[in-house]
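J.: This is the structure alone, sequence omitted:
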DNA sequence: GTCTATAGGTGGATAGAC
DNA sequence: GTCTATCCACCTATAGAC
């Protein structure tokens, strides 16, 4: 009955809902299912969140907030544009390893956008990360380390796409790598993360800069 | 009542279902909705397909078949590994412009895999395309035009990820490009396609090969 | 804050006429 | 092959006891 225990019941619902929404999506996930997974009475969901939709929004907010904070902190901390690219991709990979639900929720939300149910907030925030990364790439071009015949905004999309797609397509990639359709091992995922940073860098660096 | 008209009723259901499944997913799309969108009686869906699930499978089969045929033909026709990379990315972009539902259905299916509903066939086929592309990259490495310090399978994933992610994230990218949250223009999409081919090539080519 | 019971609505699927 | 009518299961949400 204390504030802590209340928060805990609420959080257990949030955690269970996040996992179920990520794997099944909003529609097919039922209130009863969430209650059972959370070890809580389904009626509590209405007490704490009002409706299934609002619970879904709360789940999204939490995930997006965490992802964004991580991305911005990483970009801010990097000393040079090439380091920023490498660090961002590495942070992206570490983030999705720790929060495998995040890209699933995010991508579902993007696909659902034309179903007019997506949060405008998500779109704004996603666009915000792109802009920050784009600034870093422009800076690298001004410093003469990145090629000038690259559209910075396009390059930002290409850079970010790799880890997200890798995570989403993990079952198919697991088969491709002979590691089964349940997805690749964590070691392979980390190796891909290092590759993705280098791949983007080599695509961006002027030829003389390449070691 | 002719065979052609029968096929037409069936195809109208398939077309309507494809669009609805792509935008909303399987769960939230109702049989009645599909019937209305197709201009057909919902009961016909059971006559032709047996169940909602089997209709969904038929939709997937059609899309995957088209995508695969296009990809393999493109790779087969390219004379050199660099040309193959460029041509594959260009074909990918043209395909998604013509079939905007395809990547949505495919990515939904991948995300849903842990919900144990995905087709093993899709995973096998996706892995097949990766393998073909991977062979092209290895060939380029043997010929000395592509860098040897790149894992070919990772590079295949990075190359393919760009256009698919661009399509999925189109609403966010639309905002980012100041073209509204309904997505970017076709001209911008084509420009991105050209960029993505070059991005992957620069990431792969040995330094001396870069013009 | 937490639980039970249930109302109210909708969805997938089928039976059977035409 | 196509349509109408309908059954049954299930889901969201609420009312109200504790």
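T.: Noted; the coordinates are in hand. Bear in mind that the values here come from a model prediction, so they are computed numbers and not experimental data.
J.: worst-scoring helix or strand of chain A, pLDDT-wise?
T.: Ranked by mean pLDDT, DSSP states H and E, the weakest helix or strand in chain A is helix A:3-24, scoring a mean of 86.
J.: Pull the number of nearby residues for residue A:137.
T.: Neighbourhood size, residue A:137 [other Cβ atoms under 10 Å in any protein chain shown]: 23. Bear in mind the C-beta positions are built from the backbone N, C-alpha and C, glycine included.
J.: Contacts only, for it.
T.: A:81, A:85, A:146, A:150, A:152, A:155-156, A:204 (Cβ atoms under 8 Å, 6 or more residues apart in numbering or on different chains).
J.: Turn those residues into TSV, columns for distance to DNA strand C.
T.: Formatted as TSV, these follow (distance: Cβ to the nearest atom of the strand, whole Å):
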residue	distance to DNA strand C
A:81	48
A:85	45
A:146	50
A:150	46
A:152	45
A:155	42
A:156	39
A:204	47
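J.: Which ones among these map onto helices?
T.: Per DSSP state H, helices hold the following members of the contacts of residue A:137: A:81, A:85, A:152, A:155-156, A:204.
J.: between the residues you listed, which is nearest residue B:166?
T.: residue A:156 (11.1 Å; Cβ to Cβ).
J.: so the closest one makes contact with residue A:127?
T.: No: if you go by Cβ atoms under 8 Å, residue A:156 and residue A:127 don't touch, sitting 10.6 Å apart.
J.: which SSE is the spatially most central residue of chain A in?
T.: What sits nearest the mean C-alpha location of chain A, by Cα atoms, centre = their mean, is residue A:103, with 4.1 Å. Using DSSP states H and E, residue A:103 sits in helix A:101-111.
J.: do residue A:129 as well
T.: Residue A:129 belongs to helix A:120-142, assigned by DSSP H and E.
J.: Run the angle between that helix and helix A:101-111 for me.
T.: Counting by axes from the mean of the first three to the mean of the last three Cα atoms, to 10 degrees, helix A:120-142 lies at 100 degrees to helix A:101-111.
J.: interface residues of chain A facing DNA strand D?
T.: A:29-32, A:42-43, A:46, A:50-53 (Cβ under 7 Å from any atom of the strand).
J.: If we use 6 Å, what do you get?
T.: Contact residues, chain A versus DNA strand D (Cβ under 6 Å from any atom of the strand): A:30-32, A:43, A:46, A:51-52.
J.: so which of those residues are also by chain B?
T.: Contacts with chain B are made by none of the residues of chain A next to DNA strand D, judged by Cβ under 8 Å from any Cβ of the partner chain.
J.: farthest-separated two in the residues you listed?
T.: Pairwise across the residues of chain A next to DNA strand D, and taking Cβ to Cβ, the largest span is found between A:32 and A:51, at 14.7 Å.
J.: Can you report how many residues neighbour the residue in chain A that DNA strand C sits nearest to?
T.: Of the residues in chain A, the one nearest DNA strand C is residue A:41, at a distance of 2.8 Å by Cβ to the nearest atom of the strand. Residues lying near residue A:41 (other Cβ under 10 Å) number 12.
J.: Remind me which helix or strand it belongs to.
T.: Residue A:41 belongs to no helix or strand when elements are defined using DSSP H and E.
J.: what's the strand or helix carrying residue A:190 packed up against?
T.: In this assignment (DSSP H and E), residue A:190 forms part of helix A:186-204. If contacts are counted by 3 or more Cβ pairs under 8 Å, 6 or more residues apart in numbering or on different chains; DSSP states H and E, helix A:186-204 sits against helix A:81-98, helix A:152-168, helix B:152-168, helix B:186-204.
J.: Show me what the first one packs onto, helices and strands only.
T.: Based on contacts counted as 3+ Cβ pairs under 8 Å, 6+ apart, the elements that helix A:81-98 packs against are helix A:52-77, helix A:101-111, helix A:120-142, helix A:152-168, helix A:186-204.
J.: picking that back up, name the member of the contacts of residue A:137 with the most neighbours.
T.: In the contacts of residue A:137, the most neighbours by other Cβ under 10 Å go to residue A:85, 28 neighbours.
J.: which ones are touching that residue?
T.: By Cβ under 8 Å, 6+ apart, the neighbours of residue A:85 are A:136-137, A:159, A:197, A:200-201, A:204.
J.: 6 Å instead?
T.: Contact analysis of residue A:85 by Cβ atoms under 6 Å, 6 or more residues apart in numbering or on different chains lists A:200-201.
J.: Equivalent analysis for the one 5 residues further on, please.
T.: Contact partners of residue A:90, counting by Cβ under 6 Å, 6+ apart, are residue A:193.
J.: All set now, cheers.
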